[in-house]
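Chemist: Show me the folded form of this:
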Amino acid sequence: MDKKKGFKIVLYIISFFLLVILIKNLDLVLVSEAIKKVPARLLLCCLGMQLVTEMLLSYQWHRIARTLKLPGTYASHLWANSVESFFDAITPGAKIGGELMRVIFFKEELGYSNIEA
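Modeler: Residues are numbered from 1 along each chain as shown. Below you'll find the model as predicted:
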């Protein structure tokens with residue numbers, strides 16, 4: 001196994017354990033009660049706005065990559081942003097986890113160099 005795959009596996013293992021710790025320490029009853037207080041229309045509107053934001057950010061990254069003549073499809077950039085958002089949510093750092101995963105994704109999946117990523 002090469003170093004890159006090993007590093008990626010270690011990151012996934014760490015992320016899994018962080019997610020388990022998060023779920024273990026989460027008071028689901030309290031979260032459920034808080035969500036019930038939000039009107040369904042407002043919740044759906046917010047979820048829709050979040051999806052549109054993710055799609056627009058992915059389009060922005062895709063356009064930047066095309067301008068710089070870097071490989072990658074819109075779908076690959078959408079996936080990279082989804083991975084970043086997930087890791088931002090589960091890591092305690094100020095967006096460090098998500099940005100790190102975006103760089104790793106660009107390098108591993110799209111073949112970007114360190115500078116391009």
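Chemist: what's the distance between Lys107 and Glu116?
Modeler: Here Lys107 is placed at a distance of 8 Å from Glu116 (CB to CB, to the nearest Å). Heads up, the C-betas are built off the backbone N, CA and C, glycines and all.
Chemist: May I see the buried residues of the helix or strand containing Trp79?
Modeler: Using DSSP states H and E, Trp79 sits in helix 74-90. For helix 74-90, the neighbour count (16 or more other CB atoms under 10 Å) marks Ser76, His77, Leu78, Ala80, Asn81, Val83, Glu84, Ser85, Phe87, Asp88, Ile90 as buried.
Chemist: If we only consider these, which is nearest to Cys45?
Modeler: Cys45 lies nearest to Ser85 out of the buried residues of helix 74-90, by CB to CB, at 18.6 Å.
Chemist: is it true that the closest one touches Met101?
Modeler: No - assessed by CB atoms under 8 Å, Ser85 is found out of contact with Met101, at 9.7 Å.
Chemist: related to what we said a few turns ago, just the CA trace of the helix holding Trp79, in PDB.
Modeler: Taking Å, rounded to 0.1, in the frame of the first residue of the first chain, the C-alpha atoms of helix 74-90 are listed here in PDB:
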ATOM      1  CA  TYR A  74     -19.000  19.800 -12.300                       C
ATOM      2  CA  ALA A  75     -20.000  16.500 -10.600                       C
ATOM      3  CA  SER A  76     -16.400  16.000  -9.200                       C
ATOM      4  CA  HIS A  77     -16.400  19.500  -7.800                       C
ATOM      5  CA  LEU A  78     -19.800  19.000  -6.300                       C
ATOM      6  CA  TRP A  79     -18.600  15.800  -4.700                       C
ATOM      7  CA  ALA A  80     -15.400  17.700  -3.400                       C
ATOM      8  CA  ASN A  81     -17.600  20.400  -1.800                       C
ATOM      9  CA  SER A  82     -19.900  17.800  -0.300                       C
ATOM     10  CA  VAL A  83     -16.900  16.000   1.300                       C
ATOM     11  CA  GLU A  84     -15.600  19.400   2.500                       C
ATOM     12  CA  SER A  85     -18.900  20.300   4.100                       C
ATOM     13  CA  PHE A  86     -19.100  17.000   5.800                       C
ATOM     14  CA  PHE A  87     -15.600  17.300   7.300                       C
ATOM     15  CA  ASP A  88     -16.200  20.900   8.300                       C
ATOM     16  CA  ALA A  89     -19.300  19.700  10.300                       C
ATOM     17  CA  ILE A  90     -17.500  16.900  12.200                       C
END
